[in-house]
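1. Show me the folded form of this:
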Amino acid sequence: MRTIVVSLGILLLMPAPGVARQAQTGKPAVQAGGKKPAVTTETKPQEPALPAPEPKAEAASESAEKTSDHEQHYDMTEVPPIVSHRQINLDGKPLAYTAAEGRLPIKRDDGKIEAEMFFVAYTLDGQSSAKRPLTFCFNGGPGSSTVWLHMGAVGPRTVVLQPNGFMPAAPYHMTDNPDTLLDRSDLVFVDAIATGFSRAADSDTAKKFLGVKGDIEAFGEFIRLYLTRYERWASPLFLLGESYGTTRAAGIANYMADRGISFNGIALLSVAMDFGTLEWAKNNDVPYALLVPSFTMIAAYHKRLAPDLMQDLAKTRPEVERWASTEYTQALHRGDALPAEERQKIIDTYSRYTGLDKKLIDNASLRVDVEQFVHNLLLDQKLRVGRLDGRFTGTDPEGTLDSHGYDPTLTALSPPYNSVFNQYVRGELGYKTDMTYKFIAWNDPAFAKWDWGDAVKGFPNTAPGLRAALTKNPYLKILVMEGYYDLATPYAAAQYSIDHLDLGPDFHQKISFATYEAGHMVYIDGGSHAKMKKDLVDLMDRSFR
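-> Residues are numbered from 1 along each chain as shown. Below you'll find the model as predicted:
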């Protein structure tokens with residue numbers, strides 16, 4: 001199987017639960033936040049503050065003792081969260097809230113801490129926690145921190161980009177987020193183990209968290225412990241996962257249902273549940289057909305389609321979807337038995353719908369993958385198209401014909417997000433540590449050994465977990481959100497995954513879809529960001545009263 005980590009990019013988010021059941025208590029320590037926005041601090045935070053363990057040492061730091069070239073040890077001492085009271089302006093009105101950031105322990109049954117997961121939580125001041133929704137947010141990868149959803153999508157502060165989401169000039173800035181979800185839900189942003197500030201006790205222990213099953217169990221234990229320590233068991237609960245975070249969310253929903261915890265709603269952004277829809281291979285033609293509509297949208301964005309197709313994309317898009325799922329799919333199924341005349345017709349139509357050269361399509365045996373598309377669409381301009389967002393283009397740093405997976409999307413977005421978050425968490429929020437914030441860690445060799453579980457039987461697939469969660473909880477609502485210009489998780493692949501849950505119409509009425517004129521991270525585009533906020537609010541309105 002091709003390296004899934006590379007193909008998904010930001011997917012942009014691991015287990016063993018050890019499940020210590022004793023919640024520690026004590027007064028949270030408080031450090032002053034930054035100068036902006038308005039902040040007050042106090043030793044006894046307002047509700048909903050949570051009890052924290054008595055401090056045993058200074059704020060968590062990365063001891064990173066190297067006993068060998070292959071083993072690292074990290075300080076697992078529990079310390080209180082950093083708490084501050086803050087305010088932003090939303091729609092011209094002040095929004096006062098409490099921010100808390102720290103690490104919750106993942107323990108064995110005997111109480112030994114095996115890992116600590118970093119989180120930043122925001123709770124609106126003056127609200128009853130019993131009625132206030134609580135949303136757990138996480139990105140994917142595997143190997144990505146949750147900086148993207150935090151500082152780009154629904155957190156109270158956001159990175160300043162160009163209106164279309166493109167990279168601004170340095171130095172980078174942040175501002176109050178006009179589309180934060182905080183006015184409707186309290187928010188908890190969680191980093192997977194070995195990303196962000198989350199760490200396992202040592203290299204050997206980390207292995208049990210770096211896999212599909214272990215990752216789900218770790219997040220499940222984090223959620224259980226957060227609900228316990230912050231006394232949020234009565235709150236309406238939601239999950240927001242992006243990319244591999246949707247893989248995780250589907251698994252969490254079923255895992256937690258079996259442990260007596262149900263969610264009101266789950267938002268799946270840039271879906272990666274059934275990897276059989278995403279990983280093209282000689283024995284898997286499914287992804288090729290699902291990619292074509294996204295190829296069309298990106299080609300149209302770069303004006304590579306005929307004028308009649310460009311004139312009304314709302315008409316062109318379903319036309320291409322139908323062709324890809326019928327004539328094109330049938331042609332792929334026939335393989336070498338496809339008559340020459342029909343093969344040429346497929347090549348001609350494919351070229352018309354994607355802007356690609358007919359010789360390329362022929363030489364690819366009618367099966368153009370993402371790498372071939374992003375490399376060839378604008379080859380005459382010596383530009384490479386973005387995988388995560390096809391609107392982005394860039395000159396390949398290694399040379400036009402020497403590419404090894406360069407994505408101009410990630411190259412443009414990584415510096416603003418990394419710089420802004422590090423300044424924000426250390427400055428405004430006051431989380432003081434020398435530890436490296438691993439905003440992206442999938443190049444770490446440990447992630448190359450990610451345990452895909454029963455993927456040896458085929459492609460990884462947590463969609464059955466979502467199906468099971470829907471059957472176990474008749475009130476659960478699902479929102480699927482996709483960007484038209486996303487080649488990491490194409491929008492047609494998400495629809496395919498949902499259509500193959502093997503559920504009746506009554507269940508599908510609980511699932512809604514939203515699409516955006518954007519890529520993998522739909523929120524980087526100003527118009528799509530505002531629509532995403534509205535769609536999330538609609539999900540909450542449908543999920544509880």
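
2. name the element the residue sitting furthest away from the middle of the chain belongs to?
-> Residue distances from the centre of the chain (C-alpha atoms, centre = their mean) peak at E341, which lies 43.6 Å from the mean C-alpha position. Assigned by DSSP states H and E, E341 belongs to helix 340-354.

3. Same question for M256.
-> Taking DSSP H and E as the definition, M256 sits inside helix 244-257.

4. Once you drop chain neighbours, what's closest to G140?
-> Leaving aside its chain neighbours, G140 sits nearest to Y244 (2.7 Å; criterion: C-beta to C-beta, 6 or more residues apart in numbering). From N, CA and C alone the C-beta is placed, and that goes for glycine too.

5. who does Q87 bridge with?
-> With beta bridges defined as DSSP bridges, Q87 has these partners: A96.

6. Count residues in the vicinity of it, would you?
-> Q87 is flanked by 16 other residues according to other C-beta atoms under 10 Å.

7. Does it touch A99 like I think?
-> No. Q87 is beyond contact range of A99, at 10.5 Å (criterion: C-beta atoms under 8 Å).

8. can you pull the pLDDT of H302?
-> On the pLDDT scale, H302 is placed at 97.

9. Who are the contact partners of it?
-> With C-beta atoms under 8 Å, 6 or more residues apart in numbering as the criterion, the residues that contact H302 are 355, 377-378, 385, 390, 393.

10. Turn those residues into CSV, including neighbour count, distance to Y475 and secondary structure.
-> Putting those into CSV (neighbours: other C-beta atoms under 10 Å; distance: C-beta to C-beta, whole Å; DSSP: H, G, I helix; E, B strand; the rest coil) gives the following:
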residue, neighbour count, distance to Y475, secondary structure
G355, 21, 45, coil
L377, 24, 44, coil
L378, 17, 47, coil
V385, 28, 42, strand
G390, 29, 37, coil
T393, 17, 45, strand
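
11. which stretches of the stretch 401-545 of the chain form strands?
-> Here the stretch 401-545 of the chain has its strands, by DSSP state E, counting those that start in this stretch, at 477-483, 511-516.

12. can you check the stretch 51-200 of the chain too?
-> Counting by DSSP E, counting those that start in this stretch, the strands of the stretch 51-200 of the chain are 65-68, 71-73, 82-90, 93-107, 113-124, 134-138, 157-159, 174-176, 186-190, 199-200.

13. Give me the sheet partners of the following helix or strand past the helix holding M256 and which way each runs.
-> Taking DSSP H and E as the definition, the helix or strand that follows helix 244-257 towards the C-terminus is strand 265-271. For strand 265-271, sheet partners with direction are given as strand 237-243 (parallel), strand 477-483 (parallel), following DSSP bridges.

14. Go through those strands and name the closest to A253.
-> Evaluated over the strands paired with strand 265-271, closeness to A253 peaks at strand 237-243, with 6.9 Å, by C-beta to C-beta.

15. Now the closest one: average pLDDT?
-> Model confidence over strand 237-243, given as mean pLDDT, is 97.

16. what's the offset of that strand from the middle of its chain?
-> Computed by C-alpha atoms, centre = their mean, to the nearest Å, the separation of strand 237-243 from the middle of its chain amounts to 8 Å.
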